[in-house]
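Colleague: Sequence first, then the predicted structure, then my questions.
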Amino acid sequence: MQLNGNHYIENLDAELVSKINTYLSGISVTDHNPAILFCWDHEALEEFANAANAQTIEHPQWFSQTRGSVTPMTVMNDVICYLAQLSGGRCDHVLLAPNSLIQYGHLQERLQYMQYDDFMQKCMVNVAPGKKTPTLLNITDDGRELLLERHGANEHSIRVADLKELILQHRHQLSSSEIAATSFRLQLADLENSFVLLRGHILADPDIVDLNALLPTDFFVFVADNVQTGNQSISRCEMHKNQADPAIFELQRAQLVEMGFSADLAAQALHECGCNLSDAAALLAEGNLCKGTKDMNSQVTTNLGSQYPFSLRSLVHDGDLMKLRKLAAVDSFRALLFLKETFSSEALDQLNENSMATLQLLLLPVPAPSLRAIHTSSDDASNVDVLKASDSTSNPTTNAIDRLVAMGFARDLVEVMYENCNSDEMLTANALLQTLES
């Protein structure tokens, strides 16, 4: 475990260190549950607040104060509140921890979004050169030594597929149990079900990473596409059920409620995850928690609606979003096409800004069809059979190319990429999306 940054914990005053130690006593920060520590420059904050009060352009939506009433304390509080929607927890204006690796990546993306906002950029012009309002200390596991050990000082690049294999091998070396070894072999056999992110972007397996171009603040996020089962959560809860302090439990439940989940579901998730806050948040976000009653589901919907901006609230009962949820449950690629073709750019921006709430909305159970809908469905059964028959007789290659072209790519480019990707539609889509970033 180490702090990546130019400043260290001893630069904080005693009161903040005491708050951090108190908070850390109730959580577990590991290399796979990293944390973000904020060190604030109060002089820079004062300059930023004065510039914000003088700005004539509209404040960002996450700003709670209007022009003329911005203070250093409100800036700190607004930043942490906005980030807390994606994180595992908060400690006043100091700490967000712990975060799963995927939460950690989302936090970094949101930080970049905030940093390059037009309003923020104009305010930072008035801050003295060389100063930063917050300095971030990322508590992570630095893998640079591992890369140099594997490839040597004269090797300057690595393929993403090799990087994924290297990460899995490193995980295997850290564990000595036979269970972990079996899991390792399964992961190596299924590398395409894992992802590596750098600077907020998913890297494709054929990509080459220039090691010399990595900055001191860069880090890789490795995400395995596997879902934690309910049995694992329950057994974990049994191991840790006697370790939870009631005060910490109530604090963690309150933090989950602040993230938009109902109090009942938050308590249930904490019990199933042994009072591990990041695991409970991930369990709720993935929709793997067993939902007992309709009242619970409606309460989640209500809490989500009241937690986020009006434009996102209105989507809770939107018919197009319900269609999107049905599609996402059976065909993620068609769901992406439907999302692109149906929703306006403004709606997509709102969904992107509130990614955790969007994920929760998409994971809400699809309402049961009414009797009228069932009768309509039976009346149209013959039409559906005709459509299925026509689909089965059509050329699957042509259908795949047509779907990729519908995403906005040139047909000749799609055909070449499709052939190079061995007629794999998903690989072709990933490769085409990579061309947009180059």
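Modeller: Structure received.
Colleague: Going along the chain, name the helices of the stretch 51-200 of the chain.
Modeller: 72-84, 101-115, 118-124, 144-151, 160-174, 178-189 (DSSP state H, counting those that start in this stretch).
Colleague: could you dump the shortest one to CSV, C-alpha only?
Modeller: Taking Å, rounded to 0.1, in the frame of the first residue of the first chain, the C-alpha atoms of helix 118-124 are listed here in CSV:
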residue,chain,number,x,y,z
ASP,A,118,-15.8,25.4,-18.6
PHE,A,119,-16.8,27.1,-15.4
MET,A,120,-14.1,25.4,-13.4
GLN,A,121,-11.5,26.3,-16.0
LYS,A,122,-12.4,30.0,-15.9
CYS,A,123,-12.3,30.1,-12.1
MET,A,124,-8.9,28.3,-12.0
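Colleague: And that helix, what's buried?
Modeller: For helix 118-124, the buried set under the neighbour-count rule, 16 or more other Cβ atoms under 10 Å, comprises 119, 120, 123, 124. All C-beta spots, glycine's among them, are computed from the backbone N, C-alpha and C.
Colleague: Contacts for it, please.
Modeller: Contacts to helix 118-124, defined as Cβ atoms under 8 Å, 6 or more residues apart in numbering, come from residues 48, 51, 52, 55, 57, 58, 59, 60, 114, 133.
Colleague: Just put those in a markdown table and tack on pLDDT.
Modeller: Putting the contacts of helix 118-124 into a markdown table (pLDDT from 0 to 100) gives the following:
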| residue | pLDDT |
| --- | --- |
| 48 | 86 |
| 51 | 87 |
| 52 | 87 |
| 55 | 85 |
| 57 | 82 |
| 58 | 84 |
| 59 | 84 |
| 60 | 84 |
| 114 | 81 |
| 133 | 60 |
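Colleague: Which single one of the residues you listed is nearest to residue 331?
Modeller: residue 114 (33.9 Å; Cβ to Cβ).
Colleague: Just to check, the closest one is in contact with residue 81?
Modeller: No - counting by Cβ atoms under 8 Å, residue 114 stays clear of residue 81, with 12.0 Å between them.
Colleague: Identify the contacts common to these two.
Modeller: Taking Cβ under 8 Å, 6+ apart as the contact rule, residue 114 and residue 81 both touch residue 62.
Colleague: All the helices of the stretch 301-438 of the chain, residue numbers only.
Modeller: With DSSP H, counting those that start in this stretch as the criterion, the stretch 301-438 of the chain has helices spanning 310-313, 319-330, 332-342, 345-353, 355-363, 371-379, 381-393, 396-406, 411-420, 425-437.
Colleague: Check which residues of the last one are buried.
Modeller: Along helix 425-437, the positions that meet the burial threshold by neighbour count (16+ other Cβ under 10 Å) are 425, 427, 428, 429, 430, 431, 432, 434.
Colleague: quick one: which two of those residues are the most distant?
Modeller: Top of the distance list for the buried residues of helix 425-437 (Cβ to Cβ): 425 and 434, 15.1 Å.
Colleague: Please name the residues that touch residue 46.
Modeller: Residues near residue 46 by Cβ under 8 Å, 6+ apart: residue 72.
Colleague: How about residue 51?
Modeller: Contact analysis of residue 51 by Cβ under 8 Å, 6+ apart lists 122, 123, 124, 125, 126, 127.
Colleague: what about it, distance to residue 124?
Modeller: 8 Å (Cβ to Cβ, to the nearest Å).
Colleague: Residue 80 now?
Modeller: Going from residue 80 to residue 124 by Cβ to Cβ gives 18 Å.
Colleague: Let me know the closest of the buried residues of helix 425-437 to residue 209.
Modeller: Using Cβ to Cβ, residue 434 comes nearest to residue 209 of those, at 13.3 Å.
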